[in-house]
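Sequence and predicted structure below; questions after.
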2 protein chains.
Amino acid sequence: MENWDEIRTAYQVARLGTVSGAADVLGVHHATVIRHIDALEKRLGTRLFQRHARGYTPTEAGRDLLTVAQATDEQFVQLGNRIKGQGESVSGELVVTSISGLSSLLVPVLASFQAKYPEVVVRFLTDMRLFRLDYGEAHVAIRAGAAPEEPDNVVQPLVRIKTGLYASESYVAEHGRPAGEDDLAGHRFILPDNEAARAPFYRWLRERVGADRCIFRTTEPQALEQALREGIGIGFLSGHRAEEGEGLVEILPPRSEWDSPLWIVTHVDLHRTRKVQAFVTHLKEVAKGWKLCGPAE
Amino acid sequence: MENWDEIRTAYQVARLGTVSGAADVLGVHHATVIRHIDALEKRLGTRLFQRHARGYTPTEAGRDLLTVAQATDEQFVQLGNRIKGQGESVSGELVVTSISGLSSLLVPVLASFQAKYPEVVVRFLTDMRLFRLDYGEAHVAIRAGAAPEEPDNVVQPLVRIKTGLYASESYVAEHGRPAGEDDLAGHRFILPDNEAARAPFYRWLRERVGADRCIFRTTEPQALEQALREGIGIGFLSGHRAEEGEGLVEILPPRSEWDSPLWIVTHVDLHRTRKVQAFVTHLKEVAKGWKLCGPAE
DNA sequence: CAAGGTCTGTGCATGATCGCACAGGAGCCC
DNA sequence: GGGCTCCTGTGCGATCATGCACAGACCTTG
């Protein structure tokens, strides 16, 4: 029962009763229809139709095929409408992935997007590993750092995250507040312990402070911020994180050379769909109102 | 959503995750699979798969297609099994048609056939008009008279119905019994009024009896027999009908030149099916035991 | 009774589709 | 890291399916 096209032509013949009528509906020559029927019957070893000069009358087997193929046809038509409509409507799942440090920034965006398009189910994934867009794991990824260069990925700049040097009030109370850029040497610092350490502001810091002054290193961004807030040392923090909560003192204000660019990354296969486009434009729109973030590029 | 073969191809790709795997299952070259997918996506205007070096991952639309086509595939497999099995099993409807005069002969055959194959639903159709086998109106027709010569029909001789000249006891009591072939002139006769009048025994009668002696004519065989039994006149009757019931007197015994041949007619498209073959052999078998019927041909 | 329309069926030439071969890329195992 | 395997993707030639034209059969209509 392979070759579904022959089943389809047989279905039209059974439905309309004539080869010519089926050929018209199918948009092929009636000779093609005859050959399809012949091939199908030969493979099944049973006659599907009784042939006569006025047309084809389905046998029991032909009537059986008619009902089955009728249901199939309806299913396929509905499927086609769903798929064609889906590309143009904003519904179904929207999977967004990013590094976990951006969740406080992104969750409000996702919430307002879902409110704007109630039919959308939003899934926000963060994980140690990078989710791969080309395996269909996510529609949109928000990436930080150097511009991603994977092929088949569409990369757009979003904003530049401003980063400053902060300490907790408890730290300042105990160790004093550095007067400025040249007064950092004797202080204690908190640093990441992974590839994030290559960020420009960390390179800037290492040029001015000895390695022995970095008294706390962690791979977990969450732990880094917590250590900062508990007064263990001075550390870099993005502007939007520093604004959150109370008790942080700005040691050095953000500088443009410390900016960390954010990128919107989508797979080229999905980039043109209305759903992804809707989210990307929504994200960019909201990002315009973000304080402590510079414009894209 | 035309071209069901492409849907089938996409289904296998979605199911297996790779183009090569789908090509193996489908028995085609993997280039064909790629082209099918490309064509289908182009027509739908949506991507069904995310392409990457390790295979094809279905998108939402692809997953939707997967579930629909999965159900379709199962339906088609079941349909194929039903149709292939149907040709070899004896089940479903068996439609038999004949002239109404043969019903007393055929009904016992149909009954025993149904008992032998309980899955069969027997339909016995009799009508003034001839049912046309090439329109699929019946599987088997039992015809009388000259051998049918329609093309695409398989014609086999069944038996020769013996016909004699009979009258009722009441008629004999009133008008006397003809002594023999030469003593018919003064009697009253019952004749058919349609093409059945061309039967050989009626031609034989008209050569010996004046037209004014045919006092009762009807197109309805049932009425003819009833008129005979009620003593209106003398008439021809097939042997098996004369045996039925009481009160008939044989005026002249059956002659071989009066025999009316019966034919089994089947459409060539259905003739080879097991169901039709089973019925034809069953019918021939039973017919061997028919009294007052000569052997075929 | 004849003419016209509609249907099926078949040989032949064209065109689309398929298979083949090869290139290129990605992951895996040693 | 190098070799290996499995995957996708594309140009080209052969094959197969398709379209065309025509014949034949049947029914309908004037």
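The structure has been received and is ready for your questions. Numbers count the residues shown, from 1 in each chain, chains lettered A, B, ... in the order given.

can you pull the pLDDT of A:M128?
On the pLDDT scale, A:M128 is placed at 60.

before we move on, what about A:A196?
Here the pLDDT value assigned to A:A196 is 65.

what kind of secondary structure is A:G235 in?
At A:G235 the chain is in strand, as set by DSSP: H, G, I helix; E, B strand; the rest coil.

Tell me the spacing between it and DNA strand D.
Remark: distance between A:G235 and DNA strand D (CB to the nearest atom of the strand, to the nearest Å) = 35 Å. C-betas here are computed from N, CA, C, even on glycine.

Next, the buried residues of stretch A:36-49.
Buried residues in stretch A:36-49, counted by 16 or more other CB atoms under 10 Å in any protein chain shown: A:H36, A:I37, A:L40, A:E41, A:L44, A:T46, A:R47, A:L48, A:F49.

Those in strands, which ones?
A:F49 (DSSP state E).

and the buried residues of stretch A:36-49 near DNA strand D, which?
Applying CB under 7 Å from any atom of the strand to the buried residues of stretch A:36-49, one finds that A:H36 fall near DNA strand D.

which one of the buried residues of stretch A:36-49 is nearest DNA strand D?
Within the buried residues of stretch A:36-49, distances to DNA strand D taken as CB to the nearest atom of the strand reach their minimum at A:H36, with 6.0 Å.

Show the contacting residues for the closest one.
By CB atoms under 8 Å, 6 or more residues apart in numbering or on different chains, the residues touching A:H36 are A:D5, A:E6, A:T9, A:A10.

and the two most separated of the buried residues of stretch A:36-49?
Farthest pair in the buried residues of stretch A:36-49 (CB to CB) is A:H36 and A:T46. Separation: 15.3 Å.

follow-up on the earlier one: now pLDDT too, for the buried residues of stretch A:36-49, in CSV please.
Shown next, in CSV, are those (pLDDT from 0 to 100):
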residue, pLDDT
A:H36, 94
A:I37, 94
A:L40, 93
A:E41, 92
A:L44, 90
A:T46, 87
A:R47, 88
A:L48, 93
A:F49, 92
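
Throw the buried residues of stretch A:36-49 into TSV and include distance to A:T273, thanks.
Listed next are the buried residues of stretch A:36-49 as TSV, based on distance: CB to CB, whole Å:
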residue	distance to A:T273
A:H36	36
A:I37	40
A:L40	38
A:E41	43
A:L44	41
A:T46	45
A:R47	47
A:L48	41
A:F49	44
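
For the stretch 101-250 of chain A, which residue gets nearest to DNA strand D?
A:D152 (9.0 Å).

backbone phi and psi for the residue lying closest to that residue once chain neighbours are set aside, please?
Once flanking residues are discounted, A:D152 sits nearest to A:V268: 5.0 Å by CB to CB, 6 or more residues apart in numbering or on different chains. For A:V268, the backbone dihedrals (degrees, to the nearest 10) come out as phi -60, psi -30.

do the same with A:D5
According to degrees, to the nearest 10, A:D5 has phi -60, psi -40.

Okay, the closest residue to it other than its chain neighbours and DNA strand D: tell me how far apart.
Excluding the flanking residues, the one nearest A:D5 by CB to CB, 6+ apart is B:D5, at 4.6 Å. Distance, B:D5 to DNA strand D, using CB to the nearest atom of the strand: 9 Å.

how many neighbours does B:D5 have?
18 (other CB atoms under 10 Å in any protein chain shown).

I'd assumed A:N3 was in contact with it.
Yes - taking CB atoms under 8 Å as the definition, B:D5 is a contact partner of A:N3 at 6.6 Å.

gap between the longest helix seen in chain A and the chain center?
Ordering each helix of chain A by length in residues (DSSP state H) puts helix A:60-88 first. Offset of helix A:60-88 from its chain centre (CA atoms, centre = their mean, to the nearest Å): 31 Å.

now that helix and helix B:60-88, what's the angle there?
If you take axes from the mean of the first three to the mean of the last three CA atoms, to 10 degrees, helix A:60-88 sits at 180 degrees to helix B:60-88.

thinking again about what came up before, mind listing which of the contacts of A:H36 are in helices?
When these are checked against helices (DSSP H), the matches are A:D5, A:E6, A:T9, A:A10.

Show me just the buried residues among those.
Buried among the ones in helices among the contacts of A:H36 (16+ other CB under 10 Å): A:D5, A:E6, A:T9, A:A10.

tell me which of those residues is nearest to A:A31?
For those, the nearest to A:A31 is A:T9 (11.7 Å; CB to CB).

ok, the residue nearest to that closest one when sequence neighbours are not counted to A:V13 distance?
Closest residue in space to A:T9, ignoring its immediate chain neighbours: A:H36 at 4.3 Å, by CB to CB, 6+ apart. Counting by CB to CB, to the nearest Å, the separation of A:H36 from A:V13 is 9 Å.

So A:I215 belongs to a strand, correct?
Yes - judged by three-state DSSP, A:I215 forms part of a strand.

Alright, I will stop here.
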